[in-house]
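# When you get a sec, could you give me coordinates for this:
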Amino acid sequence: MLRRKIRTWVVVADGARGRILLSEGPGHLEPARDQEFIGTKLPGREAEADRPGRTFDRAGEGRHAYEPPTDPRRKQKEEFARAIAAVLTEGADDGSYDRLVLVAPPKTLGDLRALLPKRVARCVTDEVPKGLIEVPLQELPDRLRDALKLPLPGTG
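Take a look at the predicted model:
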């Protein structure tokens, strides 16, 4: 009886760039989709197109700039993670992978983890809290050897 290859998607991302790779066995990674994720990486002052509004103090006569409730750069990173999470959800829905490995700096991992539906989160077999987006594709299998050896979710 022939065993079906286990398909693992490996997400390598930081807050502004990312790619999804496919592993069907140890030592080999290739692009899983014909797309790379490129987010906006504007400085905070450019991310806010307009000057902040002005407001009056509750007590007294002072006026000051209204502070936005969120940091624009943080919002850019969350939107970037949302785009990756949408593709991961689509891949889970169409059966493109069996396992999922997330490789990203801790804040980006947290953003991704928070945005993944439970059915997708159950496919995550490992998280590697490192920024490896600059590592060439041919070097990644060695760097991720342990993460790629894990069993299917729910079997080990």
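# From now on I want contacts and neighbour counts done on CA atoms only, so please keep to that.
Will do.
# looking only at pLDDT, what's the mean for the longest strand anywhere in the chain?
Using DSSP state E, we find that the single longest strand of the chain is strand 30-38. Strand 30-38 shows a mean pLDDT of 84.
# Same check on stretch 115-124?
Averaging pLDDT along stretch 115-124 yields 96.
# Tabulate the CA atom coordinates of the longest helix along the chain in PDB.
Determined from DSSP state H, the single longest helix within the chain is helix 72-93. Only the C-alpha atoms of helix 72-93 are listed here, as PDB (Å, rounded to 0.1, in the frame of the first residue of the first chain):
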ATOM      1  CA  PRO A  72      -0.400  53.000  12.300                       C
ATOM      2  CA  ARG A  73       2.700  50.800  11.900                       C
ATOM      3  CA  ARG A  74       1.100  48.200  14.300                       C
ATOM      4  CA  LYS A  75      -2.100  48.300  12.200                       C
ATOM      5  CA  GLN A  76      -0.100  47.700   9.000                       C
ATOM      6  CA  LYS A  77       1.500  44.600  10.500                       C
ATOM      7  CA  GLU A  78      -1.900  43.300  11.700                       C
ATOM      8  CA  GLU A  79      -3.300  43.800   8.200                       C
ATOM      9  CA  PHE A  80      -0.300  42.000   6.700                       C
ATOM     10  CA  ALA A  81      -0.900  39.100   9.100                       C
ATOM     11  CA  ARG A  82      -4.600  39.100   8.200                       C
ATOM     12  CA  ALA A  83      -3.700  38.600   4.500                       C
ATOM     13  CA  ILE A  84      -1.500  35.600   5.300                       C
ATOM     14  CA  ALA A  85      -4.200  34.100   7.600                       C
ATOM     15  CA  ALA A  86      -6.700  34.400   4.800                       C
ATOM     16  CA  VAL A  87      -4.500  32.400   2.400                       C
ATOM     17  CA  LEU A  88      -3.800  29.800   5.100                       C
ATOM     18  CA  THR A  89      -7.600  29.500   5.700                       C
ATOM     19  CA  GLU A  90      -8.200  29.000   2.000                       C
ATOM     20  CA  GLY A  91      -5.500  26.400   1.800                       C
ATOM     21  CA  ALA A  92      -7.000  24.500   4.700                       C
ATOM     22  CA  ASP A  93     -10.400  24.600   3.200                       C
END
